[in-house]
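Engineer: I'd like to go over a predicted model; first the sequence, then the structure.
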2 protein chains.
Amino acid sequence: MLAAMGALGLVPSSQARTFTAPQPGDFTLTGRSPKRVVILGAGIAGLAVAYELLKAGYDVTILEAAKKVGGRNLTIRGGDEITEIGGVTQRAAFRDGTYFNAGPARIAQWMITMDYCRELGVPLEIFVNSNADAYVHTSGKSIRLRTARADTQGYLSELLAKATNQGALDADLTAADKTDLLDLLREFGQLGEQLTYDGGERRADTGPIPSVSEVLGYRIPYALTWDLAHDQAMPMFQPVGGMDRIVDALVANVGRHRIRTGTPATKITDTGREVVVEYQNGAARADYCVATLPPHVLARVPSTLPPGIVSRLGQGFVLAGGKLGLEYGRRWWELDENIYGGTSETDLDIGRIWYPSHGFHERRGLLVGYYTVADPAAVYDALSPAARLDRALRAGEQVHGPRYRKDLLSAVSMSWAKRPHVEGMMNVGLQGVPQAHGRVYLAGDWMTGLVAWQAGAFESARKAVLSIHERALKEN
Amino acid sequence: MLAAMGALGLVPSSQARTFTAPQPGDFTLTGRSPKRVVILGAGIAGLAVAYELLKAGYDVTILEAAKKVGGRNLTIRGGDEITEIGGVTQRAAFRDGTYFNAGPARIAQWMITMDYCRELGVPLEIFVNSNADAYVHTSGKSIRLRTARADTQGYLSELLAKATNQGALDADLTAADKTDLLDLLREFGQLGEQLTYDGGERRADTGPIPSVSEVLGYRIPYALTWDLAHDQAMPMFQPVGGMDRIVDALVANVGRHRIRTGTPATKITDTGREVVVEYQNGAARADYCVATLPPHVLARVPSTLPPGIVSRLGQGFVLAGGKLGLEYGRRWWELDENIYGGTSETDLDIGRIWYPSHGFHERRGLLVGYYTVADPAAVYDALSPAARLDRALRAGEQVHGPRYRKDLLSAVSMSWAKRPHVEGMMNVGLQGVPQAHGRVYLAGDWMTGLVAWQAGAFESARKAVLSIHERALKEN
């Protein structure tokens, strides 16, 4: 995902973690009354808008096109049915206690999603994003990440120490710099007395030490560095019991009765005095509307939004994305390979394998057998669920051998491009779209620097809420 | 700790995770009967010896000098009293739910401690050993680890790219190597188009980017690399509820009635036919004895062990070690600094500050205010508990500012050098001592490559058990 986002010039940003929600006092003190707001979409952005507005007593209605709330925050459990655009249906056969976070699965500690979990009472546990003992799988070889990292840092340090001692950097470094640099390199690369790399305990592999050409020839810069990114560095977090605990908590606060599911909007009309949102067999009227649909889906809804905005909404990149949940009856990755959570990055079309960050040492466990974005996702999307599974198992066998098929109990694959009403995993390249036109406001992760993160959805929700509230305190 | 161990040439090793415990069938099939074994010490080594021998039906007795079992596996809770050699007593005032792992606190996923937790049904959760958002505190400055790491990797990459492009490494690298190297450095250092380091999203700090001299001048090679060590890399683990859950589970399996506490051995006599262990007001007789006391403590017990062994037992290095538990009524490190678990490495005499890896977002939490080994530990050991606290708070304030004193509820400091019957944090330099002499066997982490790790204690216990069992199956 990062690679895809990096390619598109998207760099995750920090988040301000201070926010003052609207309060009832804002209205009572001004003699005004709270307004009606209709929200399109009960994903994180829509639910968060409702949640924050309700704090101040707004009259809130959410229209959700799907039967299920939560949008891309989707946790699949046994018995759940997944029907794709085109009609293919999977029914999850997961046993009790098994769940699959088919959408977002991790939270960085600096994201405001953490604050919502605290405020909503959603208990958190650590998500093992990166694991030194997981593998980098490249050119048919599976190397423990710690070994690849130790060998890489070892040779980089040896080479830089050599160049430094040969005077190659005398124009760039003072004598003191050079002393500090060599002291650093000795530790950074775990170099020997002669400042050469001859292996070390970090690699934790008793096999022969590969040559510098072999190590450089792995060509795994991404696998060695992705977990340094601001949004990927350890530790990360997940709600205990499934990512949809956040949805559940928001819904409980908003009130189920304020959410009308199965109501795709068929027309959005801003009359200048109010907004009317029509759907099959009904309509909602409000002072303001917040549309949180994916922008390319919103672009197809007839509306009074100006053609310029509508056309821009339809012009972003829509990236496909997919995940495969593999439920096993034996946690062989823990028992046989000493891998407790984390990610094996591969050069195969599955992208990566995720090991579960909870239920350690329990009987069953769920791996993520692929997590794909853009082109590789499209490859899997084109297949039937059974063919996706077979293809992913063949890839996984290259990493883990025949045990990858053994003890497999069930599987569910998620194609976000084929998810009704969502039709993609993320929308990129649309950050410049205006936040509002008339009485219609837009919200969604795609408007922020945190595309495809729940934190982006929360951030955009806060912005929409503050804008509406500021206006509501003036109008009447 | 690593620094101290590294200085002594100790390098943690891998562990074989296969072990076949003795079984009752071993005896019934040979017509022999299980033997009596007396174990000195109810720490992890002693408890594990008892646990494994009992599987085969041995008659096992444990003599523990202290009133409390567990040895260095010590979890302190509210109401616990800690009396040091010299008589100073602290009574922990921790609130309900607060605990302090005053001894071992983390487990690497490749260690056999994981297997014992699984076998004993001790639930595990992740221990955040390293946190990108914690600080490196050096020369009065607190820098987020991720920022220090990004800047370091950035400049190392820039310098190496420059040297490479200037031809300084042409004798060492092929043209293909050079291409691979530059591709790697671009990502490794998040370099710009011109292969220079101009900051990047990884550093997550909007302040000015320090110069290469400033970054090299931090002189923090240890802080940048310790979490790459085989025994320190993420993820690591802890038992849910306290490290002594392992002790509790072992004791429950061994049976409390087999453990005589408050019985320091006064004499160990190997008669050639049996071993007699005397203590105040009693004695235990057995076919074999396993002594798991710290070697320098064992050396003082009168015994029939040959003077050569006794003198070696007394000649290792005994390292002091200390930890300070700080209970706060507000988790300000999470709320105000977005630090959820992990370690801030400092150049102060507290060594490091640990943030808790459990109870995220709860009301209270316990920091480890120092974790010291060797010389800095001796500095704190020499102080009264109140003076230790004050000194550590003054150091912590340098890292976290005045909030470090605010919301502090209570504190307990542990001096392992002053812990009766233990008298030190770890014993190093004794790996060559024979495992057994006559009917007396030795066990303890200090005999293995995993000094000061519970995994070492378990490993040595398994070795003693296998040796005794092999012999028991021959003798009778």
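Structural biologist: Arrived safely. Residues are numbered from 1 along each chain as shown, chains lettered A, B, ... in the order given.

Engineer: what stretches of the stretch 251-400 of chain A score poorly on pLDDT?
Structural biologist: By pLDDT under 70, the stretch 251-400 of chain A contains no weakly predicted segment.

Engineer: any idea how chain A splits into domains?
Structural biologist: Split into domains by automatic domain parsing, chain A comes to A:23-73+A:244-318+A:435-472, A:74-139+A:320-416, A:145-217.

Engineer: Stretch A:432-451 and chain B, are they touching?
Structural biologist: No - using C-beta under 8 Å from any C-beta of the partner chain, stretch A:432-451 stays clear of chain B, with a minimum separation of 9.8 Å. In this view, the C-beta of every residue, glycine as well, is placed from N, C-alpha and C.

Engineer: just the strands in the stretch 251-400 of chain A please.
Structural biologist: Residue ranges of the strands in the stretch 251-400 of chain A, as given by DSSP state E, counting those that start in this stretch, are A:259-261, A:265-270, A:275-279, A:282-286, A:288-291, A:317-319, A:321-328, A:342-346, A:352-355, A:365-373.

Engineer: Please tabulate those strands in TSV and include mean neighbour count and distance to B:L348 as additional columns.
Structural biologist: Formatted as TSV, these follow (neighbours: other C-beta atoms under 10 Å in any protein chain shown; distance: least, C-beta to C-beta, whole Å):
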stretch	mean neighbour count	distance to B:L348
strand A:259-261	16	53
strand A:265-270	18	60
strand A:275-279	21	59
strand A:282-286	16	58
strand A:288-291	29	50
strand A:317-319	20	47
strand A:321-328	25	45
strand A:342-346	24	32
strand A:352-355	26	37
strand A:365-373	24	42
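
Engineer: Any chance of those in JSON lines with distance to A:V251 as columns?
Structural biologist: Below are these laid out as JSON lines (distance: least, C-beta to C-beta, whole Å):
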{"stretch": "strand A:259-261", "distance to A:V251": "7"}
{"stretch": "strand A:265-270", "distance to A:V251": "20"}
{"stretch": "strand A:275-279", "distance to A:V251": "20"}
{"stretch": "strand A:282-286", "distance to A:V251": "18"}
{"stretch": "strand A:288-291", "distance to A:V251": "17"}
{"stretch": "strand A:317-319", "distance to A:V251": "27"}
{"stretch": "strand A:321-328", "distance to A:V251": "23"}
{"stretch": "strand A:342-346", "distance to A:V251": "31"}
{"stretch": "strand A:352-355", "distance to A:V251": "27"}
{"stretch": "strand A:365-373", "distance to A:V251": "24"}
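
Engineer: Chain B: which of those is closest?
Structural biologist: The closest of the strands of the stretch 251-400 of chain A to chain B is strand A:342-346. By C-beta to the nearest C-beta, the value is 6.7 Å.

Engineer: in terms of contact count, name the helices or strands touching the closest one.
Structural biologist: In terms of contacts (3 or more C-beta pairs under 8 Å, 6 or more residues apart in numbering or on different chains; DSSP states H and E), strand A:342-346 is packed against strand A:135-138, strand A:352-355, helix A:385-400.

Engineer: partners of it, with directions?
Structural biologist: Paired neighbours of strand A:342-346 in the sheet (DSSP bridges): strand A:135-138 (parallel), strand A:352-355 (antiparallel).

Engineer: neighbours around A:R394, how many?
Structural biologist: 13 (other C-beta atoms under 10 Å in any protein chain shown).

Engineer: I'd like the distance from the residue nearest to A:R72 when sequence neighbours are not counted to A:E423, if you could.
Structural biologist: Counting by C-beta to C-beta, 6 or more residues apart in numbering or on different chains, the nearest residue to A:R72 once its immediate chain neighbours are dropped is A:G103, at 4.0 Å. Note on A:G103: its distance to A:E423, by C-beta to C-beta, to the nearest Å, is 14 Å.

Engineer: Whichever residue of the stretch 351-476 of chain A sits closest to chain B - how many residues pack around it?
Structural biologist: Going by C-beta to the nearest C-beta, chain B is nearest to A:H361 of the stretch 351-476 of chain A, at 4.3 Å. If you count neighbours by other C-beta under 10 Å, A:H361 ends up with 19.

Engineer: Likewise for A:S213?
Structural biologist: 14.

Engineer: show me what contacts it?
Structural biologist: By C-beta atoms under 8 Å, 6 or more residues apart in numbering or on different chains, the residues touching A:S213 are B:173-174, B:176-177.

Engineer: what does A:V310 give?
Structural biologist: Listed by C-beta under 8 Å, 6+ apart, the contact partners of A:V310 are A:299, A:303.

Engineer: Kindly report the same for A:P239.
Structural biologist: A:117, A:122-125, A:245-246 are the contacts of A:P239 under C-beta under 8 Å, 6+ apart.

Engineer: Next step: those residues restricted to strands.
Structural biologist: Taking DSSP state E as the definition of strands, the contacts of A:P239 contribute A:124-125.

Engineer: of all the contacts of A:P239, which comes closest to B:A464?
Structural biologist: Using C-beta to C-beta, A:E125 comes nearest to B:A464 of the contacts of A:P239, at 37.0 Å.

Engineer: Test my guess that that closest one contacts B:I126.
Structural biologist: Yes - in this structure, A:E125 is within contact of B:I126 by C-beta atoms under 8 Å, at 7.4 Å.

Engineer: shared neighbours, these two?
Structural biologist: Shared contacts of A:E125 and B:I126, defined by C-beta under 8 Å, 6+ apart, are found at A:S357.

Engineer: the more surrounded of those two?
Structural biologist: Taking neighbours as other C-beta under 10 Å, A:E125 and B:I126 compare with B:I126 leading, 26 against 16.

Engineer: bridging residues for that one?
Structural biologist: Beta-bridge partners recorded for B:I126 (DSSP bridges): B:F237.

Engineer: show me what contacts it?
Structural biologist: By C-beta under 8 Å, 6+ apart, the contact list for B:I126 reads A:125-126, A:128, A:235, A:341, A:357, B:235-238, B:357.

Engineer: separation between the residue nearest to A:A161 when sequence neighbours are not counted and B:F360?
Structural biologist: Leaving aside its sequence neighbours, A:A161 sits nearest to A:L195 (C-beta to C-beta, 6+ apart; 4.2 Å). Going from A:L195 to B:F360 by C-beta to C-beta gives 43 Å.

Engineer: try A:L173
Structural biologist: 43 Å.

Engineer: ok, those two, which is more surrounded?
Structural biologist: A count of neighbours by other C-beta under 10 Å puts B:F360 above the other of A:L173 and B:F360, at 23 against 19.

Engineer: Am I right that the more buried one is in contact with A:F237?
Structural biologist: Yes - under the contact definition of C-beta under 8 Å, B:F360 touches A:F237, with a separation of 7.4 Å.
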